[in-house]
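>>> just coords:
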């Protein structure tokens, strides 16, 4: 099975230009709970001067209260943030570090080593109070300032966060430039520092590859169970440029079904030719996952190679 950690009330809202009131944010989380989600990051205790969208997270956390079977973690940047989180009733927190030195310096004004040292007293206090800790590593598949990030640097930060007491560490493709095979190889490398059962993934869909990157480290059975059935795809709006393309093949006839969703429909998985929607396409042999991932890697590499360097995050 795949466990979903919903971060929209924090990671999503902090990137919006308009700040929502605490009651509205509470309503948002209530709807996510009603939808069946059981782990929802409801906000962060950072300075409102830096992230005004997260002001009032203490009100949100108190308003939601304790929920049976639902975890409501919050992001904390330092001891002061932890104190505020504990006072508001937090029972789980998230801490973060970058795998890229330039990103760490520009994002939180300190080196990677300094950020780990900064979180040491946070982790010790949280563990003493029986609060669970979840970790984030950003820029695991690329950095807007340094470009590619060595896998060894990612593994080192994962190991450091685990040593602090994180029960789970999430690998974040912050810029969304990673490819499915890179994600697979990274998870394999990280297994040496942390059991794969304690590793999570946070893939931005910048280039339409988040689902593929999520599925690659998993077995195909897990991937298939985490997707909607093909019949549901017809109700999902497709990009205008691909509106003339037919729905993907039936689930049973495509060996790479995970790559055939609306955001990444590929001609080889379409039942009709894009140029002539009414004429059946010539029969094609079933492709292996490796073949499809190779095509994906090549395409994403061409699209992103010229954009990665010097690209700044909002």
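Arrived safely. No experiment lies behind these values; they were computed from the predicted model shown. Numbers count the residues shown, from 1 in each chain.
>>> any idea how far residue 56 is from residue 172?
Here the criterion is Cβ to Cβ, to the nearest Å. By it, residue 172 lies 25 Å from residue 56. No exception for glycine: its C-beta is placed from N, CA and C like everyone else's.
>>> revised request: answer the last question for residue 92.
For residue 92 relative to residue 56 (Cβ to Cβ), the value is 19 Å.
>>> who are the packing partners of the helix or strand harbouring residue 181?
Residue 181 belongs to helix 180-190 when assigned by DSSP states H and E. Applying 3 or more Cβ pairs under 8 Å, 6 or more residues apart in numbering; DSSP states H and E, one finds that helix 180-190 contacts helix 151-164, strand 168-173, strand 199-203, helix 210-215, helix 289-304.
>>> just the residues contacting it, thanks.
140-141, 151-152, 154-155, 158, 171, 173, 178, 196, 199, 201, 203, 209, 212-217, 293-294, 296-297 (Cβ atoms under 8 Å, 6 or more residues apart in numbering).
>>> correct me, but residue 81 touches residue 46?
Yes: using Cβ atoms under 8 Å, residue 81 makes contact with residue 46 at a distance of 6.4 Å.
>>> what do these two both touch?
residue 75.
>>> which parts of stretch 157-173 are buried?
Within stretch 157-173, the residues that count as buried by 16 or more other Cβ atoms under 10 Å are 157-158, 160-162, 164-166, 168-173.
>>> follow-up on the earlier one: could you identify the buried members of the contacts of helix 180-190?
Using 16+ other Cβ under 10 Å, the buried members of these are 140-141, 151, 154-155, 158, 171, 173, 178, 199, 201, 203, 209, 212-217, 293, 296-297.
>>> so who does residue 139 touch?
98-100, 103, 149, 172, 174-175.
>>> mind doing that once more with 6 Å?
98-100, 103, 149, 174 (Cβ atoms under 6 Å, 6 or more residues apart in numbering).
>>> and the residue nearest to it when sequence neighbours are not counted, how many neighbours?
Spatial nearest neighbour of residue 139, excluding adjacent residues (Cβ to Cβ, 6 or more residues apart in numbering): residue 100 at 4.2 Å. Neighbourhood size, residue 100 [other Cβ atoms under 10 Å]: 27.
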